[in-house]
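Undergrad: predicted model and sequence follow; I will ask about them next.
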Amino acid sequence: MKIAMICRYDSSGLGTLSWEFANHLKPDKILLVSNGVFQTFPERYKEFDTKEVPAHSTISKEYRDWLFDGIDIILSIETFYTWGIVPLAKEVGIKTALITMFEMTPEIIPAKPDLFICPSLLDYRVIPEPKTYLPIPLNTEKLVWRKRTKAKVFIHTASHGGVSGRKGTQLLLIAMKYVKSDIKLIIYTWNDIITQDKRVIVKKINFQNYWQIWRKGDVLVYPQDYNGICLPVQEAFVSGLGVISTNIFPFNEYLPHDLLFEPYGFYNTRADSGLLEVKAAKIDPKKIAEKIDEVANMDSIEKYSIMGKEWSKKNSWKVLLPQYNKVLQDLCQ
């Protein structure tokens, strides 16, 4: 089976996903794309046969012919960046598979691939056949678990869009006004964040080695209003951090319920540029503050830390890679 991938190579969540999938699936060719805004890391793919596509451009015939040559299947994440590649691949007998992202799931698929791989049950419920459900694997060799016992250092990652988006960064900054405990909050971001709270430390980083931000700290605070997989939550959890978040699906399926706070309602929104209507949580900053104080004053958070270690055993690349390989091999039969 000869695999080609379309991979983001910038400092984004898609960039992280693409890099990990490439490193484990070992595709024969990779077409590299970026959004033209975030920092790019072509060196991540130096061991692969690659071509880089200029930002915001369609895939030229020259690049498409290179990508198709000798390939059995093309895999991409979230989008193919030009949906025209799907019918063209079918014309020459190449299978196509798309790993869907809940936030970008369109209501009308411009060109249906041969298989949708849904990493979230939120996707799986609305995506048409043919489809299969497979969680996103976590790199537990990089995301090294460490036991946490006390909640002193809290972490939040705003990355690129979190300051004004659904990651709840602004809500968290408001919540800090109501936090009574003597804690430290570190916010990792690409953006400029201004705060007068002496307990809040803002660190601007490029997220190239994403696993390093989970080496320190005790608890992740992530008051999100909707999400499908949310890599930061999963990465922090398998690294041993406690996770404070909103009591919404799918996170209430595996995160410790003691660390979740209740939304006070929901509203309809359209997820990013997708067409799928989403129920987004309404969040009260005071609820975030109450949960931070509650966790900060616990005698121990060790049991929540251990829960992340146990969860990682079912969601590592070691466990899930054979399942991905089988799905792709079956598709090529």
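TA: Ah, there it is. Numbering: from 1, shown residues only.
Undergrad: now do the contacts for Lys131.
TA: Contacts for Lys131 (CB atoms under 8 Å, 6 or more residues apart in numbering) come out as Leu115, Phe116, Ile117, Cys118, Tyr124. Glycine gets a C-beta too; all of them are placed from N, C-alpha and C.
Undergrad: for it, what are phi and psi?
TA: Dihedral angles of Lys131 (phi, psi; degrees, to the nearest 10) stand at phi -150, psi 160.
Undergrad: once you drop chain neighbours, what's closest to Gly15?
TA: Arg8 (4.5 Å; CB to CB, 6 or more residues apart in numbering).
Undergrad: just the pLDDT for the one you found.
TA: On pLDDT, Arg8 comes in at 94.
Undergrad: next one: it from Glu78, what distance?
TA: 8 Å (CB to CB, to the nearest Å).
Undergrad: where do the contact lists of these two overlap?
TA: Joint contacts of Arg8 and Glu78 (CB under 8 Å, 6+ apart) are Leu14.
Undergrad: mind listing the helices for the stretch 151-300 of the chain?
TA: Ranges of helices in the stretch 151-300 of the chain, per DSSP state H, counting those that start in this stretch, are 169-175, 231-238, 285-296.
Undergrad: spatially central residue in this structure, please.
TA: For the chain, Leu231 is the residue whose C-alpha lies nearest the centre (CA atoms, centre = their mean; 3.3 Å).
Undergrad: what about the residue nearest to that one when sequence neighbours are not counted, how many neighbours?
TA: Spatial nearest neighbour of Leu231, excluding adjacent residues (CB to CB, 6+ apart): Gly13 at 5.2 Å. Using other CB atoms under 10 Å, the number of residues around Gly13 comes to 21.
Undergrad: looks like Gly13 contacts Ser159 (just checking).
TA: Yes. Shown here, Gly13 and Ser159 form a contact pair, counting by CB atoms under 8 Å, at 7.3 Å.
Undergrad: Tyr188 is in contact with Ile213, correct?
TA: Yes. Using CB under 8 Å, Ile213 is in contact with Tyr188, at 5.3 Å.
Undergrad: shared neighbours, those two?
TA: With CB under 8 Å, 6+ apart as the test, Ile213 and Tyr188 both reach Ile155, Thr157, Ile205, Phe207.
Undergrad: and Asn7, how close does it get to Phe68?
TA: That one is not Asn; residue 7 is Cys. From Cys7 to Phe68 the distance is 16 Å (CB to CB).
Undergrad: let me fix that: Asn297
TA: Per CB to CB, Asn297 is found 60 Å from Phe68.
Undergrad: who has more neighbours, the two?
TA: Phe68 (18 against 11).
Undergrad: report pLDDT for the more buried one.
TA: 97.
Undergrad: what residues does stretch 305-313 touch?
TA: By CB under 8 Å, 6+ apart, stretch 305-313 touches 138, 140, 143, 145-149, 236-243, 254, 256, 319.
Undergrad: list the buried residues of it.
TA: By 16 or more other CB atoms under 10 Å, the buried positions in stretch 305-313 come out as Ser305, Met307, Gly308, Lys309, Trp311, Ser312.
Undergrad: model confidence over that stretch, on average?
TA: 96.
Undergrad: Val53 is nearest to which of the helices of the stretch 151-300 of the chain?
TA: Closest to Val53 of the helices of the stretch 151-300 of the chain is helix 231-238 (CB to CB; 23.5 Å).
Undergrad: which residues does the closest one contact?
TA: 13, 16-17, 136, 138, 140, 143, 145, 155, 157, 159, 210-211, 214, 220, 222, 224, 227, 243, 245, 251, 254-255, 307-309, 311-312, 315.
Undergrad: which of the helices or strands spans the nearest residue to Tyr45 once chain neighbours are set aside?
TA: Excluding the flanking residues, the one nearest Tyr45 by CB to CB, 6+ apart is Ile30, at 5.7 Å. Following DSSP states H and E, one finds Ile30 within strand 29-33.
Undergrad: what packs against that strand?
TA: Counting contacts by 3 or more CB pairs under 8 Å, 6 or more residues apart in numbering; DSSP states H and E, strand 29-33 packs against strand 3-8, strand 50-52, helix 61-68.
Undergrad: out of the contacts of stretch 305-313, which end up buried?
TA: By 16+ other CB under 10 Å, those give 138, 140, 143, 145, 148, 236-243, 254, 256 as buried.
Undergrad: what's the farthest-apart pair in these?
TA: Applying CB to CB across the buried ones among the contacts of stretch 305-313, the maximum distance is between Thr140 and Pro256, 19.1 Å.
Undergrad: what about Lys216, how many residues close to it?
TA: For Lys216, using other CB under 10 Å, the count is 11.
Undergrad: setting aside sequence neighbours, what's the nearest residue to it?
TA: The spatial neighbour of Lys216 that comes closest, neighbours along the chain excluded (CB to CB, 6+ apart), is Val153 at 6.7 Å.
Undergrad: do Ile127 as well
TA: Ile127 sits nearest to Phe116 (CB to CB, 6+ apart), 4.8 Å away.
Undergrad: now the helix or strand where that neighbour lies, how far from the centre of its chain.
TA: Assigned by DSSP H and E, Phe116 falls within strand 115-118. The chain centre lies 16 Å from the centre of strand 115-118; the measure is CA atoms, centre = their mean, to the nearest Å.
Undergrad: okay, buried residues for that strand please.
TA: Leu115, Phe116, Ile117, Cys118.
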